[in-house]
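In: show me the folded form of this:
(one chain, ligands or ions: 1)
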Amino acid sequence: MKFLCECGHAIYDQTDYLSYKAYLISDQDWFNFLDEIDDAIEKTGSTTEEKEKALMRVRSLAINLTKLVYQCDECGNIFFNNSYNSSPQLEMFRSCSDNPNKILLKSAEADK
Ligand SMILES: [Zn+2]
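Out: Next comes the predicted model:
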């Protein structure tokens, strides 16, 4: 996926580990997600098939609960993508600061 920010900068989502992209989970869903991870670890059977099934359940839930967020690293505008199909539904938010933080979505663990 590629789209243009209002400043003219192109934002690409064609690889992994992007420093300007994040996955957002609502607080209303966060603890259910953590409970699902706990269950996958603690309540899953010992067979490879049972472990694979639990892993796929967690991954599926992660995909269903998250919204994609992008930040333009030129101007700092934030975009929420409300769609998972090929045609994005983007909603933009602009900082009210003259000097916005342009690395809000960068990894908490830096460039490990
Ligand atoms: Zn921009």
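
In: switch to C-alpha atoms for all contacts and neighbour counts from now on
Out: Fine.

In: so, low pLDDT: which residues of the chain?
Out: By pLDDT under 70, the low-scoring segments of the chain are 84-86, 111-112.

In: how about the strands in it?
Out: Per DSSP state E, the chain carries strands over the ranges 2-4, 10-12, 21-25, 66-71, 78-81, 90-93.

In: want to throw these into JSON lines with mean neighbour count and distance to residue 45?
Out: Conversion of the strands of the chain to JSON lines gives the following (neighbours: other C-alpha atoms under 10 Å; distance: least, C-alpha to C-alpha, whole Å):
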{"stretch": "strand 2-4", "mean neighbour count": "11", "distance to residue 45": "42"}
{"stretch": "strand 10-12", "mean neighbour count": "15", "distance to residue 45": "41"}
{"stretch": "strand 21-25", "mean neighbour count": "18", "distance to residue 45": "28"}
{"stretch": "strand 66-71", "mean neighbour count": "20", "distance to residue 45": "27"}
{"stretch": "strand 78-81", "mean neighbour count": "20", "distance to residue 45": "36"}
{"stretch": "strand 90-93", "mean neighbour count": "13", "distance to residue 45": "41"}
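
In: so the residue nearest the centre of the chain bridges to which residues?
Out: In the chain, the centroid-proximal residue (C-alpha atoms, centre = their mean) is residue 23; its distance is 1.4 Å. Note on residue 23: beta-bridge partners by DSSP bridges are residue 68.
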